[in-house]
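Colleague: What follows is a predicted structure for the sequence shown.
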Amino acid sequence: MEKKDRHELYNKLDKKLGHKHQLIILIEECGELIRASTKVLRYGLENEKVCENFVEELGDVEICIETMRTITKIKDLDARVNNSKKFKLLRVKKRLEDKEDL
């Protein structure tokens with residue numbers, strides 16, 4: 001599905017269900033990704049069922065994130081998120097270079 005079509009769908013969902021419902025779905029999907037990640041640690045990605053579930057939950061969380069980015073209408077959201085990511089990545093890089101605990 002094209003980005004424009006996804007955004008249209010997210011906005012329709014928001015109009016029908018509201019921000020609160022979308023946040024609940026995001027929370028639920030993050031929880032499912034946490035459970036899938038735990039199974040990866042226990043059984044490894046070599047286990048096809050575990051790997052497939054992990055991939056599916058990553059996709060679900062990415063959809064939820066894209067939905068929230070579309071419906072929240074936060075001013076300068078992309079720039080703000082990118083600045084936050086840049087700051088955090090630079091901090092990780094510095095810690096790696098300084099051999100600090102991550």
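Modeller: Thanks, I have the structure now. It should be emphasised that the depicted structure is a prediction, and the values quoted were computed from it without experimental measurement. Residues are numbered from 1 along each chain as shown.
Colleague: Report the buried residues of whichever helix or strand residue 34 is part of.
Modeller: Here residue 34, judged by DSSP states H and E, is contained in helix 19-43. Applying a neighbour-count criterion of 16 or more other C-beta atoms under 10 Å, one finds 22, 25, 26, 29, 33, 36, 39 buried in helix 19-43. (Each C-beta comes from the backbone N, C-alpha and C, glycine too.)
Colleague: I figured the fifth one hits residue 57, correct?
Modeller: If I follow you right, that is residue 33. Yes. With contacts counted by C-beta atoms under 8 Å, residue 33 reaches residue 57, the gap being 4.2 Å.
Colleague: Give the rounded mean pLDDT of stretch 31-50.
Modeller: In this model, stretch 31-50 carries a mean pLDDT of 98.
Colleague: how far away is residue 17 from residue 87?
Modeller: From residue 17 across to residue 87, the span is 33 Å (C-beta to C-beta, to the nearest Å).
Colleague: what about these two, which has more around it?
Modeller: residue 17 (13 against 10; other C-beta atoms under 10 Å).
Colleague: got the contact list for the closest residue to residue 40 other than its chain neighbours?
Modeller: Spatial nearest neighbour of residue 40, excluding adjacent residues (C-beta to C-beta, 6 or more residues apart in numbering): residue 54 at 5.4 Å. By C-beta atoms under 8 Å, 6 or more residues apart in numbering, residue 54 lies in contact with 33, 36, 37, 39, 40, 45.
Colleague: If we use 10 Å, what do you get?
Modeller: By C-beta atoms under 10 Å, 6 or more residues apart in numbering, the contact list for residue 54 reads 33, 35, 36, 37, 39, 40, 45, 47.
Colleague: and if you look at residue 42?
Modeller: The contact partners of residue 42, taken as C-beta under 10 Å, 6+ apart, are residue 50.
Colleague: One more: residue 63?
Modeller: Residue 63 sits next to 6, 9, 10, 25, 26, 29 when contact means C-beta under 10 Å, 6+ apart.
Colleague: for residue 22, same thing?
Modeller: 10, 13, 14, 64, 67, 68, 70, 71, 72.
Colleague: returning to what we had before: quick check, nearest of the contacts of residue 54 to residue 95?
Modeller: residue 37 (22.2 Å; C-beta to C-beta).
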